[in-house]
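Novice: Build the 3D model from these lines:
(one chain, ligands or ions: 2)
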Amino acid sequence: MSNSFFLKGDICWSASPHSLHTIEGGFLLCKDGKSGGVFSEVPKAYEAVPVKDFSGKLIIPGLTDLHIHAPQFAFRALGMDMELLEWLNTHTFPEETKYRDLDYARKAYGLFVDDIKKGPNTRLCVYATIHVPATLLLMDMLEESGLVSFVGKVNMDRNSPDSLREDDSAAATRQWLESFSKGRGGGRGPYKNTAAILTPRFTPSCTDGLMKSLAEIQKKGGLPLQSHLSENLKEIEWVKELCPASENYGAAYADLGLMDGPTIMAHCVWSDKKEMELLAEKNVYIAHCPQSNTNLSSGIAPIRRFMERGIPVGLGSDVAGGSNTSIFRAVSDAIAVSKLRQVLVAPDEKALTLEEAFYLGTAGGGAFFGKLSGTDFGAAGSFDEGWDFDALVIDEGNLADTVGRSIRERLERAVYLSDDRHIAGKYVRGVPL
Ligand code: GUN
Ligand code: FE
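Specialist: Ligands and ions are numbered 1, 2, ... in the order given. Here you go, the predicted structure:
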C-alpha cells in the first residue's frame with residue numbers, strides 16, 4: 001500500500017445535503033488518490049499505513065469553485081458600483097482583450113494560479129478568453145499547479161467589441177481542442193488534472209450558427225459545457241429580443257442543442273417555474289455566485305427551490321463579478337443572501353443552514369467532476385469511500401477560542417473567519433500541494 005496514508009485530526013464532511021459527519025481525533029484514509037473512508041481507530045489491516053498527525057486541527061474536503069473567470073482576477077474589486085452590462089463593457093472586455101498578448105497572459109495568469117493554489121479551493125471550472133494560445137498557456141499553468149480544473153476557451157462572435165469578436169469562433173474552438181489533445185506545451189506529456197469545457201460566453205455574445213456548431217463539437221467529443229443563464233434583468237430583456245421564439249432564456253440554449261451533455265449554468269437568479277423544469281429535466285448544474293449577484297445588482301437566486309426540486313447546485317466565486325476567490329466566502333454569502341431572500345422576497349423559502357451551504361461548496365459542486373467522459377476525474381467534496389481525495393487541514397490557530405467548541409462550531413468559524421494563512425495542509429487527488 002505504497003500510495004496510502006492516513007490524516008489524523010478532527011474530521012468533518014457532509015453526510016447529506018442537510019447534515020454533517022464529525023469525528024474528533026479520527027483517521028482519514030487515502031488510497032491511490034481516493035478516500036478509503038474515515039475511522040475512529042486505525043483498522044488492523046492498515047496498521048502499516050503511515051499516519052500524518054494533524055491532531056487538534058480541522059480536516060474537511062477541498063472546495064469547488066464551479067464558476068470563475070481567470071482573466072478577470074487581475075481587476076478584481078473594480079467597477080463594483082456598476083450593473084452587469086455596464087461593468088462588462090467598462091472593465092471586463094478591455095481587460096480580456098489584453099490576453100492576445102502571451103506575455104501579459106503569463107504574468108496575469110501566474111498571479112491567478114498562485115492565489116488559487118494558496119487558498120482552500122481544490123477544483124475549478126474556469127473561463128479563459130477567446131484567445132487560443134493564452135487559453136492553452138492557462139491550461140499548462142493549472143496542470144503544473146496540481147489543482148483540478150475544467151478550462152474553456154470563450155466563444156464570442158456578436159455584440160462584442162471588435163477586439164473580442166471572432167470571425168470563425170467554431171474553427172478556433174476546433175483548433176484549441178486539437179492543440180489540447182496533443183498534451184502540455186503541444187506534446188510535453190498528457191494532462192492529468194486539466195480538461196476542456198465548451199464555453200459560449202452567453203447568448204448575447206454568440207450567434208445561433210456558432211451555438212449549433214458548438215453543439216456538434218460537443219456531440220463528437222463528449223465535452224461538458226458552461227455558460228451564463230438568467231443572471232441580470234437587463235440581460236434577460238436583451239435575450240428576449242434576440243431570441244423571440246424561445247420560451248425562456250434557458251430554452252434559448254436548449255433549443256440549439258446546448259443542454260444535452262454535462263452542463264453548468266452560472267447564476268439562474270431569475271429562473272421561473274418553466275425554466276426550472278427545463279434545468280431539472282436536463283440535469284443542469286447551477287453555479288450559485290452570491291457575491292457576484294450582490295456586487296452586480298443581479299438579485300438573489302432561489303437556491304432553496306432548486307434544492308427542493310433536486311436540481312444539482314454548487315458555488316462559484318464568479319471573479320471578478322465576485323471579488324474573493326475563496327469558496328468559504330461563497331458559503332457564508334450563500335447563507336447571508338438566502339436570509340435576505342426569505343425576509344424580503346419569499347417568506348416560504350427557508351434560508352440555508354451552514355450544513356446546506358457547506359454541502360454546496362464541497363460535494364454539491366465537486367460532484368460535477370465525477371464520471372465525465374474524457375477524464376478520469378472522480379467526484380470531490382466528500383470523504384465517503386471512493387470519492388477523490390481532496391482535503392484541507394485548517395489550523396484555526398489565532399481563531400482559537402476562550403471555550404472548547406464542537407467541530408460544527410469550529411467549521412462555522414473557519415468558514416467565516418479563516419483565510420489562506422490557516423491552511424496547514426492541502427491535498428488534491430491524494431497529492432499534497
Ligand atoms: N455574462 C457574460 N459574461 C459575463 C462575465 O464575464 N461575468 C458575469 N458575471 N456575467 C457574464
Ligand atoms: Fe461569470
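Novice: For the residue nearest to residue 366 when sequence neighbours are not counted, the count of nearby residues, please.
Specialist: Leaving aside its chain neighbours, residue 366 sits nearest to residue 381 (2.9 Å; criterion: Cβ to Cβ, 6 or more residues apart in numbering). Yep, even glycine has a C-beta here, placed from its N, CA and C like the rest. Residue 381 has 31 neighbouring residues, counting by other Cβ atoms under 10 Å.
Novice: What residues does residue 381 make contact with?
Specialist: Neighbour list for residue 381: 13-14, 61-64, 361-367, 387, 390 [criterion: Cβ atoms under 8 Å, 6 or more residues apart in numbering].
Novice: Which of these fall in helices?
Specialist: Counting by DSSP state H, the part of those found in helices is 365-366.
Novice: now, the most widely separated pair of the contacts of residue 381?
Specialist: Pairwise distances across the contacts of residue 381 (Cβ to Cβ) peak at 15.0 Å, for the pair 361 and 387.
Novice: Mind checking which of these two has more residues around it?
Specialist: When neighbours are counted by other Cβ under 10 Å, residue 361 comes out ahead of the other of residue 361 and residue 387, with 34 against 22.
Novice: can you pull the contacts of the more buried one?
Specialist: Neighbouring residues of residue 361 by Cβ under 8 Å, 6+ apart: 63-64, 314-315, 327-328, 330-331, 334, 381.
Novice: Please identify which of those is nearest to residue 404.
Specialist: Of the contacts of residue 361, the one sitting nearest to residue 404 (Cβ to Cβ) turns out to be residue 328, at 22.5 Å.
Novice: Tally up the residues packed near the closest one, please.
Specialist: What residue 328 shows, counting by other Cβ under 10 Å, is a neighbour count of 25.
Novice: try residue 204
Specialist: By other Cβ under 10 Å, 18 other residues sit near residue 204.
Novice: that older thread, nearest to ligand 1 among the contacts of residue 381?
Specialist: residue 365 (16.8 Å; Cβ to the nearest ligand atom).
Novice: Let me see the backbone angles for the closest residue to that closest one other than its chain neighbours.
Specialist: With Cβ to Cβ, 6+ apart as the criterion, residue 365 has its nearest non-adjacent residue at 2.2 Å, and that residue is residue 314. Dihedral pair for residue 314: phi -130, psi -180, per degrees, to the nearest 10.
Novice: about what we covered before: narrow the contacts of residue 361 to those that are buried.
Specialist: 63-64, 314-315, 327-328, 330-331, 334, 381 (16 or more other Cβ atoms under 10 Å).
Novice: Close to ligand 1: what parts of the stretch 251-400 of the chain are there?
Specialist: Selection of the stretch 251-400 of the chain residues close to ligand 1 by Cβ under 6 Å from any ligand atom yields 292, 318, 321.
Novice: returning to that earlier point: out of the contacts of residue 361, which sit inside strands?
Specialist: Using DSSP state E, the members of those that fall within strands are 63-64, 314-315.
Novice: farthest pair in those?
Specialist: The largest separation in the ones in strands among the contacts of residue 361, counting by Cβ to Cβ, is between 63 and 314 at 9.7 Å.
Novice: what touches both of those two?
Specialist: Shared contacts of residue 63 and residue 314, defined by Cβ under 8 Å, 6+ apart, comprise 361, 365.
Novice: and the residue nearest to residue 284 when sequence neighbours are not counted, how many residues sit next to it?
Specialist: Leaving aside its sequence neighbours, residue 284 sits nearest to residue 263 (Cβ to Cβ, 6+ apart; 4.7 Å). Residues near residue 263, counting by other Cβ under 10 Å, number 24.
Novice: Up against ligand 1, what does the stretch 101-250 of the chain have?
Specialist: Neighbours of ligand 1 within the stretch 101-250 of the chain, by Cβ under 6 Å from any ligand atom: 201-202, 228, 231.
Novice: Residue in the protein with the shortest distance to ligand 1?
Specialist: Proximity of the chain to ligand 1 (Cβ to the nearest ligand atom) peaks at residue 321, 3.5 Å away.
Novice: Can you give me the pLDDT of that residue?
Specialist: pLDDT for residue 321: 98.
Novice: and the residue most central in space within the chain, what is it in contact with?
Specialist: Centroid check for the chain by Cα atoms, centre = their mean gives residue 66 as the closest residue, at 1.5 Å. By Cβ under 8 Å, 6+ apart, the residues touching residue 66 are 124-125, 264, 266, 285, 287, 314-316, 365, 368.
Novice: can you tell me the helix or strand for it?
Specialist: strand 63-69 (DSSP states H and E).
Novice: Could the C-alpha coordinates of that strand be exported in CSV?
Specialist: Extracted C-alpha coordinates of strand 63-69, given in CSV (Å, rounded to 0.1, in the frame of the first residue of the first chain):
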residue,chain,number,x,y,z
LEU,A,63,-13.8,23.2,-2.0
THR,A,64,-15.0,23.5,-5.6
ASP,A,65,-15.4,26.8,-7.5
LEU,A,66,-17.9,26.0,-10.2
HIS,A,67,-17.6,29.3,-12.0
ILE,A,68,-14.6,31.6,-12.2
HIS,A,69,-13.1,33.9,-14.9
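Novice: Adjacent strands (with direction) for that strand?
Specialist: With DSSP bridges as the test, strand 63-69 is paired with strand 121-127 (parallel).
Novice: What is the distance between the partner strand and the centre of its chain?
Specialist: Centroid displacement of strand 121-127 relative to its chain, using Cα atoms, centre = their mean, to the nearest Å, is 5 Å.
Novice: Also stretch 229-246?
Specialist: Centroid separation for stretch 229-246 versus its chain: 24 Å, with Cα atoms, centre = their mean.
Novice: Quick check: buried residues in that stretch?
Specialist: By 16+ other Cβ under 10 Å, the buried positions in stretch 229-246 come out as 229-232, 235-236, 238-239, 242-243, 246.
Novice: any residues touching it, and which ones?
Specialist: Contacts to stretch 229-246, defined as Cβ under 8 Å, 6+ apart, come from residues 83-85, 202-204, 248-250, 252-253, 255, 265-271, 275, 293, 296-299.
Novice: Now the residue lying closest to residue 19 once chain neighbours are set aside: phi and psi?
Specialist: Nearest non-adjacent residue to residue 19, counting by Cβ to Cβ, 6+ apart: residue 355, 5.7 Å away. Note on residue 355: backbone dihedrals following degrees, to the nearest 10 are phi -60, psi -40.
Novice: Touching, residue 96 and residue 164? I think so.
Specialist: Yes: look at residue 96 against residue 164 with Cβ atoms under 8 Å: they come within range, at 6.2 Å.
Novice: which one of the two has more residues nearby?
Specialist: A side-by-side neighbour count of residue 96 and residue 164, using other Cβ under 10 Å, places residue 96 first with 27 against 21.
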